[in-house]
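Trainee: Got a sequence here, can you build the structure:
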Amino acid sequence: MSWIDLNADMGEGFGPWRMGEDEALLDVVSSANVACGFHAGDPAIMDQVVRAAAARGVDVGAHVGFPDRQGFGRRPMQVDTQELASMVVYQLGALAGIARRAGCRMTHMSFHGALGNMAAADASLAAPLVRAVAEFDPALTVLTSASRAIEDAAAASGLRAAVCFLADRAYGDDGLLVSRKVPGSVIKEEAAVMARVTRLLTEGTVVTHSGRALPMRAASILLHGDTPGAVALAQAVRAAAERCGARIAPLSRQEASAT
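Mentor: Prediction:
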C-alpha cells in the first residue's frame, strides 16, 4: 500500500480578513503550509493555525513567498538573490518560533506563487534559495511541484525534496505548472480533479495541458484552500486517494515508516 500526504496552504488571511476554511481543512489534510506574513498571514493567524494543526496531529511547514500581500504573492518581483534568500530564512524563522512555542516543530517548507514558479524554472535562483533553507535547518523537507531545478538544488544541499501534485492546476509538457494567465490553467470541475488524482495514484501519470501523458511520482497532493467549495473538494480527493489504496500520512511519518 502506497503512502500519500495531503497538504493545503493555510493562514492566508490578515488581521480581521480571513481566507479559506482552515479549521475544516485541518480535519482532512495531513500537512499544513502556513503563510509567514509576506504574501499573506500575520503572527496571530500563524499561531492559530499551528496550534489547531498540532492538536490534530497535522504537520506544519512554512509557505514562503514574495513580500506582496496586495498581489497575494502571485506577481513576479525583481529582488537581489541574496536579499531574497534572507527573506526566505526570515519567514522560516518566524514559523519555526511559533511552532516551538506551540510545542511542535516545523517539518517542511514550500515556495509560494510567483517565487515558487520562478525558482522551479531557474536553477540559478533555486540553488541559493534552497541552500539557505539547508543552512537554516538541514532536517526540513522541501515540498515542491515537479521541478528539476528545485529537486537538484535540494539534493546538492543534502535536503529531502518531496514532489507535490497540484490536482487543480494544469501542467506543461516540461512538467512545470502552466501560467494562471493561460485558459484552462486552473481546473475547477470536481470530476476532472478526481480523474487526475486517480490517474496519478494508479498509473503514475498526469495529462498535460497539451494532452500528453507525463510520468509523475508524487509524495503529496495539494488541496487549495482559497477556492469556493475547497473543503468538499478536499474531502472528495481524500476519499479518492483512499479508494486507490493510498494511506494518508504527513511526509515526516512517511520518512519514519521507510527507515
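
Trainee: ok, and the closest residue to L125 other than its chain neighbours, which helix or strand is that part of?
Mentor: Leaving out its chain neighbours, the residue that sits closest to L125 by CB to CB, 6 or more residues apart in numbering is A119, at 5.1 Å. (Each C-beta comes from the backbone N, C-alpha and C, glycine too.) In this structure, A119 sits in helix 113-121 according to DSSP states H and E.

Trainee: next structured bit after that helix?
Mentor: Moving toward the C-terminus from helix 113-121, the next helix or strand (DSSP H and E) is helix 123-136.

Trainee: Could you give the number of residues near A195?
Mentor: Here the number of neighbours of A195 (other CB atoms under 10 Å) works out to 15.

Trainee: Next, it: secondary structure please.
Mentor: helix (DSSP: H, G, I helix; E, B strand; the rest coil).

Trainee: so where do the strands sit in the stretch 51-200 of the chain?
Mentor: 59-64, 106-111, 141-144, 160-166 (DSSP state E, counting those that start in this stretch).

Trainee: Neighbours of R100, how many?
Mentor: The number of residues near R100, taken as other CB under 10 Å, comes to 12.

Trainee: One more: A155?
Mentor: Neighbouring residues of A155 were enumerated by other CB under 10 Å; the total is 12.

Trainee: cool, Q70 as well?
Mentor: For Q70, using other CB under 10 Å, the count is 7.

Trainee: what's the answer for D68, then?
Mentor: Applying other CB under 10 Å, we find 19 residues neighbouring D68.

Trainee: Then A232?
Mentor: A232: 12 surrounding residues under other CB under 10 Å.

Trainee: That one: which element?
Mentor: Following DSSP H and E, the helix or strand that holds A232 is helix 230-243.

Trainee: about what we covered before: distance of the residue nearest to L125 from P228?
Mentor: Distance of A119 to P228, given as CB to CB, to the nearest Å: 29 Å.

Trainee: More neighbours: which of the two?
Mentor: Between A119 and P228, counted using other CB under 10 Å, A119 has the larger neighbour count: 24 against 7.

Trainee: List the contacts of the more buried one.
Mentor: Residues near A119 by CB atoms under 8 Å, 6 or more residues apart in numbering: F111, L125, A126, L129, V130, S147, A149, I150.

Trainee: L92 too?
Mentor: Residues near L92 by CB under 8 Å, 6+ apart: C36, A62, V64, M106, M109, V133, F136, D137, L140.

Trainee: hang on, A162 packs against S220?
Mentor: Yes. Under the criterion of CB atoms under 8 Å, A162 makes contact with S220 at 5.7 Å.

Trainee: ok, the two, which is more surrounded?
Mentor: Neighbours were counted for A162 and for S220 using other CB under 10 Å; S220 has more, 27 against 21.

Trainee: Now the phi/psi pair for the more buried one, please.
Mentor: S220 adopts backbone torsions of phi -150, psi 150, taken as degrees, to the nearest 10.

Trainee: Identify each buried residue in the helix holding A232, please.
Mentor: Residues of helix 230-243 classed as buried by neighbour count (16 or more other CB atoms under 10 Å): A230, V231, L233, A234, A236, V237, R238, A240, A241.
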